[in-house]
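# Build me a model:
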Amino acid sequence: MYSLVYRSEANTLFSLPEIYKMLSIARDYNAEHNITGCLLYHNDQFLQLLEGEEEEVNVLYEKIKSDSRHHGVMTICEDTATNRVFSEWSMAFHDYGLNGSSAKLKLKQIDDFFEKSSAYVNPTMVVLPFFTNVREILFAK
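Here you go, the predicted model:
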């Protein structure tokens, strides 16, 4: 199992309805290619963890990097592991922008999200960088 985490910034013309449409297409693609993961969007920032066979993840990542709807794609980390962190989700998604700016609420949502993953039971080398970046994006000034 191969995992990859990246960040990017949405272009200003990439609207929330377009993001939801992209997400629907991505879920179908990921299910067909046995890719799971998680996508976070907040303040025009994307953070994504992809999991699957290395070749499948890399083919998808090349498409992602060339997508004109975002820029500044930066690989955070990559690793191989025996288990998936988000094994049940073809693409989990949460738009934290819809939930106000309460720090307490954001922390609760992060904890809930983390508990729904297998990160507690089967931690991998991508878990800490992923959730560190989640907190960084959510609490950036």
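
# list the contacts for Ser3?
49-51, 57, 78-81, 84-85, 124-126 (Cβ atoms under 8 Å, 6 or more residues apart in numbering). Every C-beta, even on glycine, is put in place using the N, C-alpha and C of the backbone.

# As a check, name the ranges of all strands in this structure.
2-10, 36-42, 45-52, 70-80, 92-95 (DSSP state E).

# got any ranges where this protein has weak pLDDT?
Along the chain, the parts satisfying pLDDT under 70 run over 88-123, 141.

# doesn't Phe46 make contact with Val5?
No: Val5 is beyond contact range of Phe46, at 11.1 Å (criterion: Cβ atoms under 8 Å).

# So which of those two has more stuff around it?
Val5 (26 against 21; other Cβ atoms under 10 Å).

# what bridges to the closest residue to Leu40 other than its chain neighbours?
Excluding its sequence neighbours, the residue lying closest to Leu40 (Cβ to Cβ, 6 or more residues apart in numbering) is Leu47, at 4.5 Å. Note on Leu47: beta-bridge partners Arg7, Leu40, judged by DSSP bridges.

# ok so, going back, with distance to Ile137 and neighbour count added, can I get the contacts of Ser3 in TSV?
Converted to TSV, the contacts of Ser3 look like this (distance: Cβ to Cβ, whole Å; neighbours: other Cβ atoms under 10 Å):
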residue	distance to Ile137	neighbour count
Leu49	13	29
Leu50	17	25
Glu51	20	27
Val57	21	22
Glu78	19	18
Asp79	20	15
Thr80	25	11
Ala81	23	16
Arg84	22	21
Val85	18	27
Thr124	20	21
Met125	20	14
Val126	16	23
